[in-house]
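Colleague: Quick one, structure for this:
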Amino acid sequence: MRRGRHRTEEPNENFARGFNALGELALDGVQVSARATDLATGKVLFSVDDHVVMPTASIGKVLLLVEVASRLTGASSDAFTVLDRAPRDSVGDSGIWQHMQSPSLPLADLAGLIGATSDNLATNVLIRYIGLEAVRARTEALGLTRTALLDLVRDHRGPDDAPQLSIGSAKELTWLFASLARGEIVSPEVSQRVVGWLSLNSDLSMVASAFGLDPLAHRMPDHGVLLMNKTGTDGGVRSEVGVLRGPRASVAYAVSMYFADTMLTSRLAVLDGMRQVGLDLLEYVH
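Modeller: Below is the predicted model:
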């Protein structure tokens with residue numbers, strides 16, 4: 001590849017643009033947590049309150065996918081187990097199964113829907129089949145203490161429900177995705193299956209909006225850039241975790257925002273701040 005005359009072969013470790021953007025958001029009252037590490041060396045490239053437990057919305061579904069994948073190892077035929085949706089599973093917002101005619105789908109296809117569209121109905125059906133306790137046990141076995149899937153997906157949360165769908169710290173989530181990328185979560189087979197589901201993700205509206213990828217087709221490298229990510233969206237919550245690979249380096253990253261989503265301008269400022277972090281990450285790997 002031809003490179004610009006003044007471009008070095010070494011990754012650019014200047015993340016000032018992202019730091020400044022996150023700092024301005026924090027001054028405006030946004031709770032910010034972020035971290036990025038070099039995938040090859042483990043070096044921390046930047047961190048902002050990465051130990052703080054934040055609401056992460058749908059990102060906790062990754063823990064469900066890990067438990068599902070762990071049950072599909074070897075010659076198991078469980079991937080073809082057909083699961084029915086029931087009225088108690090019904091929920092709105094993200095996902096396409098609620099708009100489809102088929103009342104039943106294979107287990108592995110439900111996991112694919114979660115990876116691709118963060119499908120809420122598929123999530124609830126899989127949680128009913130797998131069990132939240134099994135997901136919690138898997139989470140603890142992975143050594144995660146600040147990250148958890150807390151509940152089913154609900155249209156409305158009452159006083160007896162968990163206050164959030166999931167929580168997590170940027171430090172733990174970055175470790176989780178780096179470990180998935182290296183094939184270290186449960187086993188290489190399990191890790192690769194989860195990575196395959198997550199590589200279908202069509203939400204590139206946050207950090208990944210800076211990467212110039214096709215939201216509907218980015219499973220193969222595009223201009224040398226390859227992405228695996230998961231996002232989480234809720235009222236006042238925007239969160240993204242991912243692994244970005246490029247010609248010069250690869251990074252694992254996590255960015256979470258908790259803010260008063262009372263005006264469109266507030267939401268747009270948060271999304272722009274996440275994009276600024278993404279531009280720094282892209283510059284580092286590419």
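
Colleague: Leaving out chain neighbours, which residue sits closest to residue 167?
Modeller: Spatial nearest neighbour of residue 167, excluding adjacent residues (Cβ to Cβ, 6 or more residues apart in numbering): residue 53 at 5.2 Å. The C-beta positions use only the backbone N, C-alpha and C, and glycine is treated the same way.

Colleague: Tell me which residues touch the one you found, please.
Modeller: Listed by Cβ atoms under 8 Å, 6 or more residues apart in numbering, the contact set of residue 53 reads 146, 167-169.

Colleague: That one and residue 170, how far apart?
Modeller: Distance from residue 53 to residue 170, counting by Cβ to Cβ, to the nearest Å: 10 Å.

Colleague: shared neighbours, the two?
Modeller: None of the residues lies in contact with both residue 53 and residue 170 under the rule Cβ under 8 Å, 6+ apart.

Colleague: Tell me the secondary structure at residue 135.
Modeller: What DSSP: H, G, I helix; E, B strand; the rest coil gives for residue 135 is helix.

Colleague: err, residue 191, not the other one
Modeller: helix.

Colleague: The stretch 101-250 of the chain: strands as residue ranges?
Modeller: 104-106, 148-149, 166-168, 226-234, 237-245, 250-258 (DSSP state E, counting those that start in this stretch).

Colleague: Tell me the spacing between residue 217 and residue 134.
Modeller: Separation of residue 217 from residue 134 (Cβ to Cβ): 33 Å.

Colleague: neighbour-wise, which of the two wins?
Modeller: residue 134 (16 against 10; other Cβ atoms under 10 Å).

Colleague: So that one is in contact with residue 67, correct?
Modeller: Yes. Using Cβ atoms under 8 Å, residue 134 is in contact with residue 67, at 5.6 Å.

Colleague: residues touching residue 24, list them.
Modeller: By Cβ under 8 Å, 6+ apart, the contact list for residue 24 reads residue 273.

Colleague: for it, phi and psi?
Modeller: phi -70, psi -40 (degrees, to the nearest 10).
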